[in-house]
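Student: Predicted coordinates and the sequence they were generated for:
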Amino acid sequence: MRDLTKISLVKPQKFPFFYGYVVLFIGSIGVLASIPGQTVGVSVFTDPVKDALGLSRNEFSNAYMLGTLISSALVARAGIWFDAYGARIVAFFASLLLGVSLWLCSVSVEISEGLKAFFGFKSWLLPFLLMTFLFFLIRFSGQGVLTMASRNMIMMWFKKNRGKINSISSITVSLGFSSSPILINSLIDDHGWEVSWQIMAICLFIFCFCILQLYRNRPEDFNLLPDGYAMDEEQQKKEENEVNFTLKKAKETRAFWMFGLVLAFNSFYVTGFTFHVVSIFGSQDYSKAEAIAIFLPMSVTAIFVSTFCNILSDYIQHKIYLFVMLGSGVLASLGLLLLSSPIGVYLLVGGLGTMGGLFAVINAVTWPRFYGRKYLGSITGKVMSFLVIASAVAPSLFSYCYTTLGSYRYIGYVALAFLLFLVIGSLKVKNPQ
């Protein structure tokens, strides 16, 4: 058996209290550390970076789309790596790669000019291909691998109290994600976009050391059980009776596809909306400050919903959450259609906030509850590929909708049609266990 505490002074089995609470803390920080690779972390850089590189909004959005799509091909493989090597190793390399990628992004103009000089011609194609490659790196390492490894690790250490624990993590993550556009925008205003990316890269390099010290994959590796039980004969027998679905078996169930697709819809809508939030509100004569300010009430709604639903998730059927999330998607879609009036803003806040809160519950708690923990990495890795693909096409689809049809509101009609399909498909969903 490999040394699970190598290069670390921390021994989980000798900790004065259940080590799962340390995992909860550091795993939540790990999800927050992925923000530079998430849409909320990239969107604030959109306008200054595309202008510095000489790219149009459509070209920049397409680079984001292609980079994210390419990353989706590897995210499912990262889930298999998680099952094979554990959260500690996978998260370490993901954090390291994300930090290096951000540093490269900070000098993207210099790299672009160097490529133009080397090849002897000036074309939008060179900075476009460069940003496609860089977006691939940050989306794969940040949005994909670091997020998945950190969230799965927390779920590995808890079972009976999984919902309650996830509510604590969700509050932290929701606050961090919702406030990040405002904080990053302030950082850019004070130091410029290049230095801002470099500061975040340095923070990730420091976090790599924290991962080596504190990340641990499974309590069983240290003669512990989820929720802090001692490894006695009775508890061990209960663990052995847990039904664990392989990815192949999971894909044969309706629940896998319906829950996966509703999470993908959330990823699509939130990514497209966040990526173009300033432009979306600007098209209805709102200011940049008013556009960014929407994230605060959305976060308050998301925190309330995730806390309440996480606690209840230990006691009620998750099919209820599926339909509530679908209804929230309808509200958010109507909000985009009615954004010219104040009611549209309220619908967006309520719809996106509720979807965000339920996303935190379903994406963390539902998969281990429905399919067990043994193959959690491969299952969540496959679901993550859905989310990555959805987030990849969203910015470009939103952008072309605006530049070609003259309004973002047509996205609302497409979203409503897809939600209707999901509602019909979800009627017969049940827990595979």
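Tutor: Everything's here; your move. Residues are numbered from 1 along each chain as shown.

Student: Confidence-wise, which helix or strand of the chain is lowest on average?
Tutor: Ranking every helix and strand in the chain by mean pLDDT, DSSP states H and E puts helix 233-240 at the bottom, with a mean of 55.

Student: now the helix or strand following it, how far from the chain's geometric center?
Tutor: With elements assigned by DSSP states H and E, the helix or strand that comes after helix 233-240 is helix 247-250. Centroid separation for helix 247-250 versus its chain: 22 Å, with CA atoms, centre = their mean, to the nearest Å.

Student: Please point out which parts of helix 247-250 sit buried.
Tutor: Neighbour counts using 16 or more other CB atoms under 10 Å place 247, 250 of helix 247-250 among the buried residues. C-beta: built from backbone N, CA, C; applies to glycine.

Student: Can you point out the buried residues in the very next helix or strand once past that helix?
Tutor: Sequence-wise, the next helix or strand downstream of helix 247-250 (DSSP H and E) is helix 254-275. Neighbour-count burial for helix 254-275, counted by 16+ other CB under 10 Å, picks out 255-275.

Student: now residue 412: how far from residue 348?
Tutor: According to CB to CB, to the nearest Å, residue 412 and residue 348 sit 10 Å apart.

Student: who touches both of these two?
Tutor: Common contacts of residue 412 and residue 348 (CB atoms under 8 Å, 6 or more residues apart in numbering): 335, 336.

Student: which non-adjacent residue is nearest the residue most central in space within the chain?
Tutor: Centroid-nearest residue in the chain: residue 143, 5.0 Å away (criterion: CA atoms, centre = their mean). Leaving aside its chain neighbours, residue 143 sits nearest to residue 37 (4.8 Å; criterion: CB to CB, 6 or more residues apart in numbering).

Student: got it, and residue 36?
Tutor: Closest to residue 36 by CB to CB, 6+ apart is residue 200, at 4.8 Å.

Student: residues contacting that neighbour?
Tutor: 36, 41, 99, 102.

Student: Test my guess that the first one contacts residue 100.
Tutor: So the one you mean is residue 36. No - look at residue 36 against residue 100 with CB atoms under 8 Å: they stay out of range, at 11.7 Å.

Student: The two: which is more packed in?
Tutor: Counted by other CB atoms under 10 Å, residue 36 and residue 100 do not tie: residue 36 has more neighbours, with 27 against 16.

Student: Which pLDDT value belongs to that one?
Tutor: Model confidence at residue 36, expressed as pLDDT, equals 92.

Student: likewise residue 28?
Tutor: Per-residue confidence at residue 28 stands at 93 (pLDDT).

Student: cool, and residue 5?
Tutor: With respect to pLDDT, residue 5 has a value of 56.
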